[in-house]
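# build me a model:
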Amino acid sequence: MTAKDPSPPSSSKPDPAPSSKPVPTPSSSPSTPPAAEAQKIHVFFKGKELQFDGTQPIIKNGTTLVPFRKLFETLGFKVDWIETKTYRQAIGTKSSLTIKLTIDSKTAKVNDKDVALSVPAQIISGKTMVPLRFISENSGYQVSYSRTGNITTIEINNPGTGTDQEPSAPEPTTPDLTVEPYVVKGYLLDAEGNPIAGASVYADNTLQYDSNILGTTDDSGYYRLELPPIATTWRMGAHFSKTIEGKTFTYDIYADGDQPFAGNSGAIRNFTWVNGDGYIFVYPDFYSFGDDLPEFDINDVEITLTPIQNGKAGKPITKRVGQVNDGNGIDQLPIARYKATVRWLPEGHDPIPMLVRLNNKGEYAESVEFTFGDSVSGANTLDFKQELEISAP
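The predicted structure follows:
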């Protein structure tokens, strides 16, 4: 046996007239959302914060996973690693206590007794990650857990020596995700793995019109629906609202993969919401182009959208204008407030900065800020739409 933390092996046109403004249907196609502030996890052992090099702690399905060597050695264990053709195992030994965790197995051993895990030890970014609460509490320590915004604080102390005056909220535990007959369950998370609580989840009977079983996600994004014992298949959907930059947007999504299942079999159906329903139409002011300018092609227009959140700029999104349904624009945009700037990139010429404004609103300028759903034309229900006009300088 060797005391090492393994790393898996690496491997090596003509544009339609401005008066024609089509109304596409928003879609939930995947997109790349702007960088969101990452979740921060702070782990304290007897009041001193642990520093993790490289791979940081994460919360996966309600369980905090941390690098195994750092945690074991902090708790006073001798660390060993066993790797064979059939399994990989992290082992911690201290006095009369031995804890063994097999990678990707939901069964651990504490002094050779089997103990169930909700989330197994696993390899993430080349590091062996193990469940913090399980190891700490089986080592005789007390674990307290609290969260404020995107900051999670975990404290490991001797029993009865916690620093909180009031009991801390327990760390969320993962419900059993074993398939059960006549039961469907799973999680509704966003693309960053954050739970979406309070969402309406429904199982739609595919053989009978308007026959649904309804439920709601809890604070961890988990739901569980019991189905009637009838011969039919079911399809899963969800409905929820998100408030972004002070405006409420309503979403309807289907389960990942959108596969129906038989009720007598039961199923696990997770949902992943991707913030990417925004789209803009772009209308050029053809009268602004003089004879001294190159021939205009809408596909040569590049738009940079910089997210603005709480007055701070996020990671810009830069895209060429292309076809959006029957018009020209950009789609699959995360819903946010944006500052838009425009460049014209005619072939064989230097880039030409363009002027921009909201459709039929205000004066042309070098940039414009906007949110979705407040365009001048179109129904108010088009919450995911915006329209821009662009002009030669």
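# after the strand or helix carrying residue 203, heading C-terminal, what element do we hit next?
Per DSSP states H and E, residue 203 falls inside strand 200-205. Using DSSP H and E, the helix or strand that follows strand 200-205 in sequence is strand 212-216.
# now the angle from the helix or strand just after that following strand to strand 212-216?
Under the assignment DSSP H and E, the closest C-terminal helix or strand after strand 212-216 is strand 222-226. Counting by axes from the mean of the first three to the mean of the last three CA atoms, to 10 degrees, strand 222-226 points 150 degrees away from the direction of strand 212-216.
# strand 222-226 vs strand 200-205, what angle?
Going by the same axes, to 10 degrees, strand 222-226 makes 30 degrees with strand 200-205.
# using CSV, write down the CA coordinates of strand 222-226.
In CSV, the C-alpha atoms belonging to strand 222-226 read as follows (Å, rounded to 0.1, in the frame of the first residue of the first chain):
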residue,chain,number,x,y,z
TYR,A,222,-35.6,17.4,-4.6
TYR,A,223,-39.0,16.1,-5.4
ARG,A,224,-40.8,12.7,-5.0
LEU,A,225,-44.1,11.8,-6.5
GLU,A,226,-46.2,8.7,-5.8
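# with only the CA atoms kept, save the strand holding residue 203 in PDB.
C-alpha atoms of strand 200-205 as PDB (Å, rounded to 0.1, in the frame of the first residue of the first chain):
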ATOM      1  CA  SER A 200     -44.000  22.800  -9.500                       C
ATOM      2  CA  VAL A 201     -43.100  19.300 -10.800                       C
ATOM      3  CA  TYR A 202     -45.700  17.200 -12.600                       C
ATOM      4  CA  ALA A 203     -46.000  13.700 -14.000                       C
ATOM      5  CA  ASP A 204     -48.100  13.800 -17.100                       C
ATOM      6  CA  ASN A 205     -50.200  10.700 -18.000                       C
END
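# give me the domain ranges for the protein.
40-157, 183-273, 278-391 (automatic domain parsing).
# in TSV: those, plus mean neighbour count.
Backbone N, C-alpha and C define where each C-beta goes, glycine included. What follows is these, written out as TSV (neighbours: other CB atoms under 10 Å):
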stretch	mean neighbour count
domain 40-157	17
domain 183-273	17
domain 278-391	17
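# of all those, which one is nearest residue 176?
domain 40-157 (7.7 Å; CB to CB).
# on that earlier part again, mind giving me the packing neighbours of the strand holding residue 203?
For strand 200-205, the elements it packs on are strand 212-216, strand 222-226, strand 233-244, judged by 3 or more CB pairs under 8 Å, 6 or more residues apart in numbering; DSSP states H and E.
# if anything else comes up later, I'll come back, but that's it for now.
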